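Participant: below is the sequence, then the predicted model.
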Amino acid sequence: MGGKWAILSIILMVIMVLYGCGMTEPTGNPISLPRVEYEVPPNEAIIDKALIEGDNEVVFTITPEERAKYIPKTIWREAEKSADEEECSFALVAFCEGMEEQEILRFLSGESKTLRMGKDDWFFLESKDPYWISEIGMAAEGKANAMVMDRSMTKPYAKLTFSTPQEMVFDVPVLCKYLLVRAPDEAGAELRHLYAKGKPVFSSQITRAMVDNPVVLDARDSRNPLSIWRQPLTDDYYRLAEKLLEGTDILNDHQKMMVFMDYIADFYVGVQRKEKGFEEYIGACGNYSNLLAALACTQGIPARVLLLANYPINGGHNVCEVFYDDSWHVYDPTYGAYYTTSSAEETVHPYVLGFEELAQGRGNVSDVVCVVTSPHKLSSKGAYSYLGPRIYEEAAPKGTIGQDQAFIYPLTMATSSNGSTVLTKKDFSTGYQGIQYIGVSSTNNLHKWTLSELEAGREYELSVVGAFVGGDRPETPFHASASSENVFITGGEEHIFDNRDKSTMEWKIRFVPEFSEGQMTLGHDYSGSEWHYVSFSSFELRRVD
C-alpha cells in the first residue's frame, strides 16, 4: 500500500458461503495475451494541518526525502524488492450460491479450461502469502472484474476490468492477499485463463526460510504484550524484527520504533483473518498496535497496548506505548506518529510524550510537535480525530489494556412511551461500546448506565439477561453487583450468574429514581489473571406498574 493506492468506493451485496479447501495451483504457464498498461489510482489522502484537533504543531512527511529524516535507512525494503517473482498460488475461500465449488476448483487447477459465470456470479480467492503483484492476466469471453480486497469482501483496494483477453501490468506493484473475481454484466462471462505474478512480501520471505517456530514467550507470560489476547510471542516475530533492523549502525529504541512503524505503513486498512498482522498485511489500529508492541518486545523494549474508547462519537482508537530511558512513550502505528516536546529537527533522540502526559493535555500546546510519517492513512477528515491530542484527554474509558485495568463503559438507555425499552444483540453496535459483558477478559469491563426519561418516585426494573459465564472458569459462578447515583435500589443489588442453572441468567434490578435521570453501575468483585466474565444477550428498562 505505502500510500500509493486508493480504497475504491464499492459496496458488494453478496451472500457468503464459506468453504475450506486445499491450495490449488494457477493454470500452467501464462499464455500470451495482449498487454495493456494499467496503473492503480493514487491515494486521495487529506493533508490539512487545520484538521488537527488541538493547538500543537504537526509535521507531515509527504516526500521520500522528508520520511528519510525520521526513519533510519535499513535494507529491508531493498531485500523485499530483490526477491524473485513467482506465480501466486490461490485457495478458494467463498463463492456465490449460483456457482459450483468443484467447477471452480477444476478451473483453478487447470483440469478444466473454462469456467462459466452468470451475471453477478463471483468467487473469492486467498493467496498463500501476501504478494506485491506486478501482473494479473485473465482471458474472458465477456466482461469480468478482478478486485483486490480484504477478508470481509467489503474493502476493495484495486479494481481491474477485463473485457478481452488481457494482462494488467502495474507501474507500481499492488499488495494482494485476497482476490474477488466477478462477472458484472447481463451476459455473464466465460473465463478461459486466470493467473497472477508477484513477489512475496518481506515477512513471508523470512518465515518461509524458518524450519520451526518455537514459542519464546507464552500466551500468559506478563512480559509478552500479546498476553492480553492470549497469544504467544513466537520466534518469527524475533526473526522479522532482526531482519527489519539489518543494514545500519546501532539504533536507539526510538529509531527502532520508527523502522517498525515504517514497515506497518504498507499494510492495508481492513479486516484480517489471522492473529498475526504480518501474515496478511491487512488490519486496523488494534492489529497495528499489537504488532508494534510485539516487535518492540523482541528488542527488550517493554510495550503495552492502549485503548482510547468512545471518541469522538461511537469511535475509538488503539495505540502502543513503550518504555525506554526511564519513561513511557506513545507511538501510533496507524499514522506512524508520535508527539514530541523536542524540535521537529531532532529526529534521533526526541523526547516522545507518554500516555499520562497526553491525557493531562501536554500534547495540546503550541510548542509540541506531532510527527506523522504515514499521512497516506489520513484518507478522511474523521481520521484526524484519532490523530489529534484531544482523544487522549477525552476518550472514556481509556488506558492500558489488561486484566488489572478496569474500564468503566458509559452506556445510556431511556424509557419509551409504552414504558419498556429493550436492547438485544442486534443493537450491540459501536454506539454501545463495552456492552457485551462485565468481568475480566482481554479487558476488565464494567458498565455505568445513565437511565433517563424516568418519573421520580416511581418504581422501575432493569432486566439484564446473561447468555453464559465465560473465560477460564466457566464452572465457577460469576458474582455481579449494582451501585447507583440518584437512584434508590429496592431489589437485586447483587446477583449470581451460574451456567449450571439457567434460571440465574436473568438479573432483575428494581429501583426508584429521585429525579428524571439517574446512574447505575454494573460491576463485579473478581480480580485475577484468569478470564472470568458474564456475556449478555439483552437489557430491558421497564416501568413497574
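Facilitator: Structure received.
Participant: poorly predicted segments of the stretch 151-300 of the chain, please.
Facilitator: For the stretch 151-300 of the chain, residues meeting the criterion pLDDT under 70 lie at 162-169.
Participant: at 90 what do you get?
Facilitator: 151-174, 184-189, 192-195, 248-249, 270-279 (pLDDT under 90).
Participant: any idea of the mean pLDDT for the longest strand belonging to the chain?
Facilitator: Longest strand of the chain, by residue count under DSSP state E: strand 122-141. When pLDDT is averaged over strand 122-141, the result is 89.
Participant: now the element after it, going C-ward?
Facilitator: Under the assignment DSSP states H and E, the closest C-terminal helix or strand after strand 122-141 is strand 144-149.
Participant: show residues contacting that next one.
Facilitator: Contacts to strand 144-149, defined as C-beta atoms under 8 Å, 6 or more residues apart in numbering, come from residues 10, 117, 124, 133, 136, 138, 155-162, 174-176, 178-184, 189, 191, 194, 270. (C-beta placed from N, C-alpha, C; glycine too.)
Participant: sort out for me which of those are in strands.
Facilitator: When DSSP E defines the strands, the subset of the contacts of strand 144-149 inside them is 117, 124, 133, 136, 138, 156-162, 174-176, 178-182, 189, 191, 194.
Participant: of these, keep whichever come out buried.
Facilitator: 117, 124, 133, 136, 138, 156-160, 162, 174-176, 178-182, 189, 191, 194 (16 or more other C-beta atoms under 10 Å).
Participant: all strands of the stretch 1-150 of the chain, in order?
Facilitator: With DSSP state E, counting those that start in this stretch as the criterion, the stretch 1-150 of the chain has strands at 17-18, 35-38, 57-60, 86-87, 90-95, 115-117, 122-141, 144-149.
Participant: ugh, typo on my part, it should be the stretch 351-500 of the chain
Facilitator: 369-372, 398-400, 406-414, 420-424, 437-440, 444-452, 460-471, 478-485, 487-491, 494-497.
Participant: want to try a markdown table for the ones you listed, with mean pLDDT as columns?
Facilitator: Converted to a markdown table, the strands of the stretch 351-500 of the chain look like this (pLDDT from 0 to 100):
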| stretch | mean pLDDT |
| --- | --- |
| strand 369-372 | 97 |
| strand 398-400 | 97 |
| strand 406-414 | 96 |
| strand 420-424 | 95 |
| strand 437-440 | 97 |
| strand 444-452 | 97 |
| strand 460-471 | 98 |
| strand 478-485 | 97 |
| strand 487-491 | 97 |
| strand 494-497 | 98 |
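Participant: the closest residue to residue 393 other than its chain neighbours: neighbour count?
Facilitator: The shortest distance from residue 393 to any non-neighbouring residue, by C-beta to C-beta, 6 or more residues apart in numbering, is to residue 361 (5.6 Å). By the other C-beta atoms under 10 Å criterion, the neighbourhood of residue 361 contains 14 residues.
Participant: ok, which of the strands of the stretch 351-500 of the chain comes nearest residue 325?
Facilitator: strand 369-372 (17.6 Å; C-beta to C-beta).
Participant: for that closest one, which strands pair with it and how are they oriented?
Facilitator: Looking at strand 369-372 with DSSP bridges, its partner strands are strand 57-60 (parallel), strand 337-340 (antiparallel).
Participant: deepest of those, which one?
Facilitator: strand 337-340 (a mean of 24; mean count of other C-beta atoms under 10 Å).
Participant: distance from the chain centre to it, please.
Facilitator: 21 Å (C-alpha atoms, centre = their mean, to the nearest Å).
Participant: could you check how far stretch 291-306 is from the centre of its chain?
Facilitator: Worked out by C-alpha atoms, centre = their mean, stretch 291-306 lies 17 Å from the chain centre.
Participant: distance between the ends of that stretch?
Facilitator: By C-alpha to C-alpha, to the nearest Å, the extent of stretch 291-306 from end to end equals 13 Å.
Participant: and stretch 315-333, by the same measure?
Facilitator: Using C-alpha to C-alpha, one end of stretch 315-333 lies 18 Å from the other.
Participant: let me have the strands paired with strand 369-372 in TSV, extended by mean pLDDT.
Facilitator: Shown next, in TSV, are those (pLDDT from 0 to 100):
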stretch	mean pLDDT
strand 57-60	96
strand 337-340	98
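Participant: nearest to residue 516, out of these?
Facilitator: Comparing these by C-beta to C-beta, strand 337-340 comes nearest, at 41.6 Å.
Participant: residues in contact with the closest one?
Facilitator: 56, 257, 329-332, 346, 350-353, 358, 363, 368-374, 387, 389.
Participant: among these, which ones are in helices?
Facilitator: Using DSSP state H, the subset of these located in helices is 257, 358, 387.
Participant: residue contacts, the first one?
Facilitator: I take that to be residue 257. Counting by C-beta under 8 Å, 6+ apart, residue 257 touches 292, 296, 301, 322, 331, 338.
Participant: hmm, 10 Å instead?
Facilitator: Shown in contact with residue 257 (C-beta atoms under 10 Å, 6 or more residues apart in numbering): 251, 292, 295-296, 299, 301, 303, 320, 322, 324, 329, 331, 333, 336, 338, 352.
Participant: cool, the last one as well?
Facilitator: Contacts were defined as C-beta under 10 Å, 6+ apart; by that measure residue 387 touches 51-54, 58, 317, 332, 334-335, 337, 370, 372, 375, 377-378.
Participant: quick one: which of those residues is nearest to residue 439?
Facilitator: Nearest member of those to residue 439, counting by C-beta to C-beta, is residue 317, at 23.8 Å.
Participant: hang on, the closest one packs against residue 330?
Facilitator: No - the criterion here is C-beta atoms under 10 Å, and residue 317 misses it with residue 330 at 11.2 Å.
Participant: shared neighbours, these two?
Facilitator: Common contacts of residue 317 and residue 330, defined by C-beta under 10 Å, 6+ apart, comprise 306, 392.
Participant: neighbours around residue 424, how many?
Facilitator: Quick note: residue 424 (other C-beta under 10 Å) scores 12 neighbours.
Participant: what about the nearest residue to it once chain neighbours are set aside, which helix or strand?
Facilitator: Nearest non-adjacent residue to residue 424, counting by C-beta to C-beta, 6+ apart: residue 538, 4.7 Å away. Using DSSP H and E, residue 538 sits within strand 532-543.
Participant: quick check: mean pLDDT of that strand?
Facilitator: 97.
Participant: now do that strand against strand 406-414, angle only.
Facilitator: Following axes from the mean of the first three to the mean of the last three C-alpha atoms, to 10 degrees, one obtains 20 degrees for the angle between strand 532-543 and strand 406-414.
Participant: and the angle for strand 532-543 with strand 460-471?
Facilitator: 160 degrees.
Participant: my read is that residue 508 contacts residue 489, right?
Facilitator: No - using C-beta under 10 Å as the test, residue 508 is too far from residue 489 to be in contact (11.2 Å).
Participant: these two: who's more crowded?
Facilitator: Ranked by neighbour count (other C-beta under 10 Å), residue 508 and residue 489 place residue 489 first, with 16 against 13.
Participant: partners of the more buried one in the sheet?
Facilitator: residue 511.
Participant: ok, it to residue 422 distance?
Facilitator: Per C-beta to C-beta, to the nearest Å, residue 489 is found 21 Å from residue 422.
Participant: could you do residue 346 as well?
Facilitator: Distance from residue 346 to residue 422, by C-beta to C-beta: 56 Å.
Participant: next one: residue 103
Facilitator: Distance from residue 103 to residue 422, by C-beta to C-beta: 46 Å.
Participant: which one of these two is surrounded by more residues?
Facilitator: Per other C-beta under 10 Å, whichever of residue 103 and residue 422 has more neighbours is residue 103, with 17 against 14.
Participant: no further queries at this time; thank you.
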